[in-house]
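Q: Only the shape, not the letters, is given here:
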Ligand SMILES: [Zn+2]
């Protein structure tokens, strides 16, 4: 099992370099050579958030490989290009931080947008999302947005950003969360019942949702949210695309 170093707190999402031990390696016919580490700060693609990329180095930096993809299908595999470190070796990992930090900002902004739409439009909930480092989108159902609606959503997002709420990350049991939150609000219906312990991402005062993604520690880091597109994706389903602009 690989420990993800970003899980336990909001602060932990800012770990961009770490040391780890290679516990397995191999080659996948499609994606190439990979290593498995005892712990990692690299995010493995999933939940609408893309993989982290970066570098693994070892032998005091004399040897290195590029991390091009991290997946968690059969254990957490770091697919690499370059030399392959030996099993048992200690490697130093370094994330492509510019990319990861952008993904943290966009993922947190998606939670904010989802909370705003839920609050303003009678529980319209998020049924899909895709995070990128330069834009993101979320799908809402049931929803039908006019241009004025989009303006209202955008304004409410930016009003909340201006209040600078903290983002908290912690563990909570499913039973405890179910007791204090409506099922739909926390998207609990999307999670397999077998998951008893949840990793909660909370925007203080505005949103509580289970999520394994990486996030910023305060909404002030988002800058300004701007909705740039809306598409209707079937009856009562709307796709909203947004960007973040620096103040
Ligand atoms: Zn999330």
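A: That came through, no problem. Just so you know, these numbers come straight off a predicted model, no measurement behind them.

Q: Around the ion, which positions in the chain sit nearby?
A: Residues of the chain found near the ion (CB under 5 Å from the ion) are 211, 213. C-beta: built from backbone N, CA, C; applies to glycine.

Q: Tell me which residue in the chain sits closest to the ion.
A: At 3.2 Å from the ion, residue 211 is the closest residue in the chain, using CB to the ion.

Q: how close does the nearest residue to residue 218 once chain neighbours are set aside get to residue 56?
A: Closest residue in space to residue 218, ignoring its immediate chain neighbours: residue 166 at 5.4 Å, by CB to CB, 6 or more residues apart in numbering. Distance of residue 166 to residue 56, computed by CB to CB, to the nearest Å: 32 Å.

Q: center of this structure, which residue is that?
A: Using CA atoms, centre = their mean, the residue of the chain that lies closest to the mean C-alpha position is residue 213, 2.9 Å off.

Q: my guess is that residue meets residue 105, correct?
A: No. Assessed by CB atoms under 8 Å, residue 213 is found out of contact with residue 105, at 11.6 Å.

Q: quick revisit: which residues touch the closest residue to the residue of the chain closest to the ion other than its chain neighbours?
A: Spatially, and ignoring its direct neighbours in sequence, residue 211 is nearest to residue 201 (4.6 Å; CB to CB, 6+ apart). By CB atoms under 8 Å, 6 or more residues apart in numbering, the residues touching residue 201 are 108, 111, 167, 168, 169, 207, 208, 209, 210, 211, 213, 215.

Q: Which element, helix or strand, includes residue 201?
A: Using DSSP states H and E, residue 201 maps to strand 197-203.

Q: Now do the buried residues in that strand.
A: 198, 199, 200, 201, 202, 203 (16 or more other CB atoms under 10 Å).

Q: Which strands or helices does the helix ranked longest in the chain pack on?
A: Using DSSP state H, we find that the single longest helix of the chain is helix 97-120. Contact analysis of helix 97-120 by 3 or more CB pairs under 8 Å, 6 or more residues apart in numbering; DSSP states H and E lists strand 125-131, strand 136-141, helix 147-162, strand 197-203, strand 207-210, strand 224-232, strand 238-245 as its packing neighbours.
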